[in-house]
Structure formats: structure tokens, C-alpha cells
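Engineer: sequence first, then the predicted structure:
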Amino acid sequence: MSEYDRIPSLEGLKLGPMIKRARCLRVGLSQLELAERVGCSKSTISNWETGRVQPPLRSLKRLFEELGFCGDERRWAFASIGTKND
């Protein structure tokens, strides 16, 4: 089994669940830890994960880097919020 095989798939998820799953299962960060790395509040991370609020585009790049999103996952994330990744 390769290291990539151990990474939980995010395919087919909406953005909020993608963020939560990657945060918990891939990088093992709390909401507070991720918030500190991305430069926002813990409640902002919570709002993104529940889908109450979509992350602004300026935050997505940093969020994707911290969560280890690959190219396909970035495309799924943008598709889930109806935004093109230009």
C-alpha cells in the first residue's frame, strides 16, 4: 500500500465535508490549529466545515496547501462551490 492509498478520498464531497475530513484524517489538526495556519478564527473554520459560509477565494489557496489538496481535489472543491480554478 502506497502512502497515497492511505489518504482518505475527498471525491464527491461538498467543500465543507472535504475540509473537515482532510483536517481530521489527513493532517490531524484541530479547528484552532488549522485556523492559526490559515490566518482566520476557529469559528470561521467551523462555518466553512458546516457549509454555513464558503471560504473566500483568497483563503482557499492557503487552506488547500495546509490540507494537502492535490490538483483533482482542488478542482472538486471549486466545482462544489461553483467556482472555476483559473
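Structural biologist: Arrived safely, thanks for sending.
Engineer: does the most centrally placed residue in the chain count as helix, strand or coil?
Structural biologist: For the chain, Ile19 is the residue whose C-alpha lies nearest the centre (C-alpha atoms, centre = their mean; 3.1 Å). Counting by DSSP: H, G, I helix; E, B strand; the rest coil, the backbone at Ile19 sits in helix.
Engineer: quick one: average pLDDT of stretch 63-82?
Structural biologist: This predicted structure assigns stretch 63-82 an average pLDDT of 83.
Engineer: buried residues in it?
Structural biologist: Neighbour counts using 16 or more other C-beta atoms under 10 Å place 63-64, 66-67, 69, 73, 76-78, 80 of stretch 63-82 among the buried residues. The way it works is simple: take the backbone N, C-alpha and C, and place the C-beta from them, glycine included.
Engineer: and the two most separated of the residues you listed?
Structural biologist: Using C-beta to C-beta, the two most remote members of the buried residues of stretch 63-82 are Glu66 and Ser80, lying 18.1 Å apart.
Engineer: quick one, what contacts Leu13?
Structural biologist: Contact analysis of Leu13 by C-beta atoms under 8 Å, 6 or more residues apart in numbering lists 21, 76, 80.
Engineer: secondary structure and distance to Asn47 for the buried residues of stretch 63-82 - can I get that in TSV?
Structural biologist: Formatted as TSV, those follow (DSSP: H, G, I helix; E, B strand; the rest coil; distance: C-beta to C-beta, whole Å):
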residue	secondary structure	distance to Asn47
Leu63	helix	13
Phe64	helix	18
Glu66	helix	17
Leu67	helix	16
Phe69	coil	19
Glu73	helix	21
Trp76	helix	20
Ala77	helix	16
Phe78	helix	19
Ser80	helix	16
